[in-house]
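> build me a model:
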Amino acid sequence: MTLTPSLKDLVVLTIQDPAEAARQLMALKLDRGTLWTAVFLMAVLNTLLAGLNNLLLPGTSPFPGLFDVPAAYFFMVAGGLVLTILAIFWGGRAFGGQGSMEDVMVVIAWLQFMRVLVQAVALVLLLTIPVLSMLLVLAAAFVGLWILVHFVDQAHRFGSLGKAAGVLIAAFVCMVVGLSILLSMIGVGAVGGGYV
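Residues are numbered from 1 along each chain as shown. Presented below is the predicted three-dimensional model:
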């Protein structure tokens, strides 16, 4: 049985045709244990890159105290990913979606992998060509949102980007509340209005 595209091909496909990329990701039929491992691995990589960024360029984080305790930052990132998966899964079901937990997990884990790649490239550019780094982060934010809408649409078999966007809005509200609770639990305090 031939696996779907190589890692590089799937990265390119995600940008060019996110709906098809989502279908190919779901077609892998990865089990839940593997997917949870992938999700937490992405949280580890995100934590390492954020820590490296803070080491090289201290004071650029909205939560500088978190980097004194990397485990706290990891907990925030991992918790945020778990909340995202649950909010999109249950939110999608509430909107009539048909996706399984595994479908939602695979697209979110892959999108997080894409974000880790962008974060790594942005860090290199920040040390060499800061303006390009800022442009990359800005472009990635818009493209990432577009990809996410397509991923949610495909994961829940909506056939409607508008319905997928509705799920994301509902999930965002749940995320703000959930992350506020998480941050309070780990002692960071209330989430500021500028945190997304």
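
> return the list of helices and strands in contact with the longest helix seen in the chain.
When the chain is scanned for its longest helix (criterion: DSSP state H), the result is helix 101-128. Counting contacts by 3 or more Cβ pairs under 8 Å, 6 or more residues apart in numbering; DSSP states H and E, helix 101-128 is packed against helix 7-16, helix 18-27, helix 32-56, helix 70-94, helix 130-155. (Each C-beta comes from the backbone N, C-alpha and C, glycine too.)

> quick one: contacts for the spatially most central residue of the chain?
In the chain, the residue lying closest to the centroid (Cα atoms, centre = their mean) is residue 112, at 3.8 Å. Going by Cβ atoms under 8 Å, 6 or more residues apart in numbering, residue 112 touches 39, 42-43, 46, 81.

> buried only: go through those for me.
39, 42-43, 46, 81 (16 or more other Cβ atoms under 10 Å).

> can you lay out these as TSV showing distance to residue 13 and pLDDT?
Below are these laid out as TSV (distance: Cβ to Cβ, whole Å; pLDDT from 0 to 100):
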residue	distance to residue 13	pLDDT
39	21	95
42	19	95
43	24	94
46	23	91
81	22	92
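
> need the max-distance pair from those.
39 and 46 (10.8 Å; Cβ to Cβ).

> just the pLDDT at residue 152, thanks.
On the pLDDT scale, residue 152 is placed at 96.

> how many residues are close by it?
30 (other Cβ atoms under 10 Å).

> next, the distance between the ends of stretch 95-102.
18 Å (Cα to Cα, to the nearest Å).

> now do stretch 147-166
First-to-last distance for stretch 147-166 - Cα to Cα - comes to 15 Å.

> buried set for the worst-scoring helix or strand of the chain on mean pLDDT?
In the chain, no helix or strand scores lower on mean pLDDT, DSSP states H and E than helix 161-185, which sits at a mean of 83. Within helix 161-185, the residues that qualify as buried are 163-168, 170-171, 174-175, 178-179, 182-183, counting by 16+ other Cβ under 10 Å.

> closest one of these to residue 88?
Distance to residue 88, by Cβ to Cβ, is smallest for residue 171 among these, at 5.1 Å.

> wait, the closest one touches residue 80, no?
No - if you go by Cβ atoms under 8 Å, residue 171 and residue 80 don't touch, sitting 11.5 Å apart.

> follow-up on the earlier one: who does the least confident helix or strand of the chain touch, helix- and strand-wise?
On a contact count with 3+ Cβ pairs under 8 Å, 6+ apart, helix 161-185 meets helix 70-94, helix 130-155.

> which of those helices is buried the deepest?
Of all these, helix 70-94 has the most neighbours on average by mean count of other Cβ atoms under 10 Å, namely a mean of 19.

> good, we can wrap up now.
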